[in-house]
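**Q** can't give you the sequence, but here's the structure:
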């Protein structure tokens, strides 16, 4: 039987890009609610202590482990040596915490955190730029794996690897040593085929974000005028069981290709509109249901 672990991201409680989408909640309350909802892992965020002993103590209190965490990469426009130096502190922390991976998000040239720039004005790489970027990312990922802490590359709205076509080009330009984080919500927002992406790139999927979308909100987004953060504020994202993606089909396709590991609920919302504990419970229940139907055993 395939094994799955269930994690959640603190972005349901506070948003690291948009302060207004944050509740005045402590890390301890966040962890307590995640544990109450049934999760055994949490990705890191800005309210996490960076000292392994301090972090380990607070996580153990709630039976939670680090199941990943975002790194704001700059390799697209930078040098590999500099990126190794930038990522080293997070690698050390994650190795100490026994995390499965670092979530690499490319922030060079991104507009994901700039509310003044519409989605249609995102940066696009030509073929030569894509090939060079793929080579550099592969080299960095192989080095990280050799150091004992693998990366998982996050395709992301408003970043250089956003659409299904861009992801296909990036996968072709990079090597097998660069694992992929599959995010259903971001791919759906980008207009991609969420099942087709799994079918083509399953061999490199090492980490999964189970972000759902609200189809009515998505349909109302004007990409020539609205920014990524505008869409977030309007509630384009939500947890499985509260949106419109077919997670039974998504999880079933991952199971068909033998994926095992973390399924992380990561849905940025306004905690005052979408109470985090309620959302966490909804997402957990939906995942347990579809994972069981797909033949997974949930462990933790």
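**A** Sure, I can see it. Treat the numbers as computed from the prediction; the structure is a model and nothing was measured. Numbers count the residues shown, from 1 in each chain.
**Q** Helices along the stretch 51-200 of the chain, start to end?
**A** 52-62, 80-97, 127-146, 164-173, 184-189, 194-201 (DSSP state H, counting those that start in this stretch).
**Q** and residue 152, which of these is closest to it?
**A** helix 127-146 (9.0 Å; C-beta to C-beta). From N, CA and C alone the C-beta is placed, and that goes for glycine too.
**Q** got a list of what the nearest residue to residue 266 once chain neighbours are set aside touches?
**A** Counting by C-beta to C-beta, 6 or more residues apart in numbering, residue 266 lies nearest to residue 9, which is 3.9 Å off, once chain neighbours are set aside. Residue 9 makes contact with 42-43, 45, 209, 264-267, according to C-beta atoms under 8 Å, 6 or more residues apart in numbering.
**Q** Closest one of these to residue 76?
**A** For these, the nearest to residue 76 is residue 209 (21.0 Å; C-beta to C-beta).
**Q** burial count for residue 299?
**A** Residue 299 has 11 neighbouring residues, counting by other C-beta atoms under 10 Å.
**Q** Residue 275 too?
**A** Residue 275 has 16 nearby residues by other C-beta under 10 Å.
**Q** what do you get for residue 94?
**A** Residue 94 - counted by other C-beta under 10 Å - has 23 other residues nearby.
**Q** Could you check how far it is from residue 6?
**A** To residue 6, residue 94 is 19 Å away according to C-beta to C-beta, to the nearest Å.
**Q** Also residue 239?
**A** On the measure of C-beta to C-beta, residue 239 and residue 6 end up 12 Å apart.
**Q** Next: residue 257.
**A** Counting by C-beta to C-beta - residue 257 and residue 6 are separated by 19 Å.
**Q** Looking at these two, which is more packed in?
**A** Legend: neighbour count by other C-beta under 10 Å for residue 257 and residue 6, higher for residue 6 (24 against 12).
**Q** Run through the bridge partners of that one.
**A** Beta-bridge pairing of residue 6, defined through DSSP bridges, involves residue 263.
**Q** got a list of what it touches?
**A** Contacts of residue 6 (C-beta under 8 Å, 6+ apart): 38-41, 262-265, 284, 287-288, 298, 300.
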